[in-house]
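Asker: coords please:
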Amino acid sequence: MIPPRRHLVQYYLIESGCRVLRGRESLDDDWFYFCRGGPEVYARALIREFFVREPDLVAPGQRWLVTVHVAASKPGGKARRLCEVEVRLSTPDDGGSPEQGVA
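Answerer: Now for the predicted structure:
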């Protein structure tokens, strides 16, 4: 079986318990299926890249959620969730910096 390549990645900041969409991208990528550790590990790498591209959105102590959906293979079809990963950024009190604190 050939793995699907089209994926929708969405980056949410958790504010007062609610998801606030801060970014999304469509990827033509099948690495989710080959990455050592599985899709969750690759999703964590993608959110780290997002933080580098969008540093003004990032602050110590924040909670983020990255979701990855497999795009529908047919027009009008439904996308299905591949994975969802929560990321907490450390604070200086935790002994780390936001860049180090993707947990």
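
Asker: Name the residues of the helix or strand where Q10 lies that come out as buried.
Answerer: Using DSSP states H and E, Q10 maps to strand 6-15. Residues of strand 6-15 classed as buried by neighbour count (16 or more other CB atoms under 10 Å): H7, L8, V9, Q10, Y11, Y12, L13. Yep, even glycine has a C-beta here, placed from its N, CA and C like the rest.

Asker: how about the next helix-or-strand element following that strand as CSV, C-alpha atoms only?
Answerer: The element immediately downstream of strand 6-15 (helix or strand, assigned by DSSP H and E) is strand 18-28. Provided in CSV are the C-alpha atoms of strand 18-28 (Å, rounded to 0.1, in the frame of the first residue of the first chain):
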residue,chain,number,x,y,z
CYS,A,18,-10.0,26.9,24.1
ARG,A,19,-8.2,26.1,20.9
VAL,A,20,-7.2,29.2,18.9
LEU,A,21,-6.0,28.4,15.4
ARG,A,22,-2.7,30.2,14.8
GLY,A,23,-1.4,28.5,11.7
ARG,A,24,-2.0,25.8,9.2
GLU,A,25,-0.2,24.3,6.2
SER,A,26,-0.9,21.7,3.6
LEU,A,27,1.9,19.3,3.1
ASP,A,28,2.7,16.9,0.3
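
Asker: Run through who's touching strand 18-28.
Answerer: Contacts to strand 18-28, defined as CB atoms under 8 Å, 6 or more residues apart in numbering, come from residues 5-14, 50, 54, 57, 65, 71.

Asker: How about the spatially most central residue of the chain: which residues does it bridge to?
Answerer: Centroid check for the chain by CA atoms, centre = their mean gives V66 as the closest residue, at 2.9 Å. Taking DSSP bridges as the rule, V66 bridges to Y11, V85.

Asker: So it versus L57, what's the distance?
Answerer: Applying CB to CB, to the nearest Å, the value for V66 to L57 is 13 Å.

Asker: C18: neighbouring residues, count only.
Answerer: Around C18 there are 8 other residues, counting by other CB atoms under 10 Å.

Asker: And it, how far from R63?
Answerer: Taking CB to CB, one finds C18 at 11 Å from R63.
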